[in-house]
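>>> What follows is a predicted protein model with its sequence.
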Amino acid sequence: QVQLVESGGGLVQAGDSLRLSCSASGRSAKYATMGWFRQAPGKEREFVGFISWNGGSVIYADSVKGRFTISRDTDQNIMSLEMTSLKPEDTAVYYCAAELARPGPSPGAAEFGSWGQGTQVTVSS
């Protein structure tokens, strides 16, 4: 099991940038694929992107490709999500997730076994 703690959410205006972080701990943290999901009110949890255990592979959802960047400090087990050109439709609770087994290219939430508590991102127009 991997323990995850997100930080960095907040209220920004459309076009602004924001950085989220996720700190992972636990014996398996170093070897886990880590990902980001988001959930807007009344909607299902949506895949944003994930990064492999060594940072060598990063996959993004089409909705964020070119605007969001996922990176990982493998020594400290901290994953970051750099969000630029934010839009009101990016408003959601953002969740960090981890899984030892490599997920598919467009994974659902069920493919990740460990979750953080979530952090709110609100983008005003």
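Perfect, I can see it now.

>>> For Glu44, see how far away the nearest residue to Gln13 once chain neighbours are set aside is.
Spatial nearest neighbour of Gln13, chain neighbours left out: Ser124 (5.4 Å); criterion: Cβ to Cβ, 6 or more residues apart in numbering. Glycine gets a C-beta too; all of them are placed from N, C-alpha and C. Applying Cβ to Cβ, to the nearest Å, the value for Ser124 to Glu44 is 24 Å.

>>> Who are the contact partners of the residue nearest to Gln13?
Residues near Ser124 by Cβ atoms under 8 Å, 6 or more residues apart in numbering: 11-14, 88.

>>> closest to Gln76 among those?
Val12 (25.7 Å; Cβ to Cβ).

>>> Show me what that closest one is bridged to.
Val123 (DSSP bridges).

>>> per-residue confidence at Gln1?
Here, the pLDDT recorded for Gln1 equals 84.

>>> In this structure it contacts Ala24, no?
No - using Cβ atoms under 8 Å, Gln1 makes no contact with Ala24, being 10.8 Å away.

>>> quick one, which of these two is more surrounded?
Between Gln1 and Ala24, Ala24 has the larger neighbour count (other Cβ atoms under 10 Å), namely 22 against 11.

>>> picking that back up, which one of the contacts of Ser124 has the most neighbours?
Using other Cβ under 10 Å as the neighbour test, the contacts of Ser124 are led by Val12, with 17 neighbours.

>>> host element of Gly56?
For Gly56, there is no helix or strand it lies in under DSSP states H and E.
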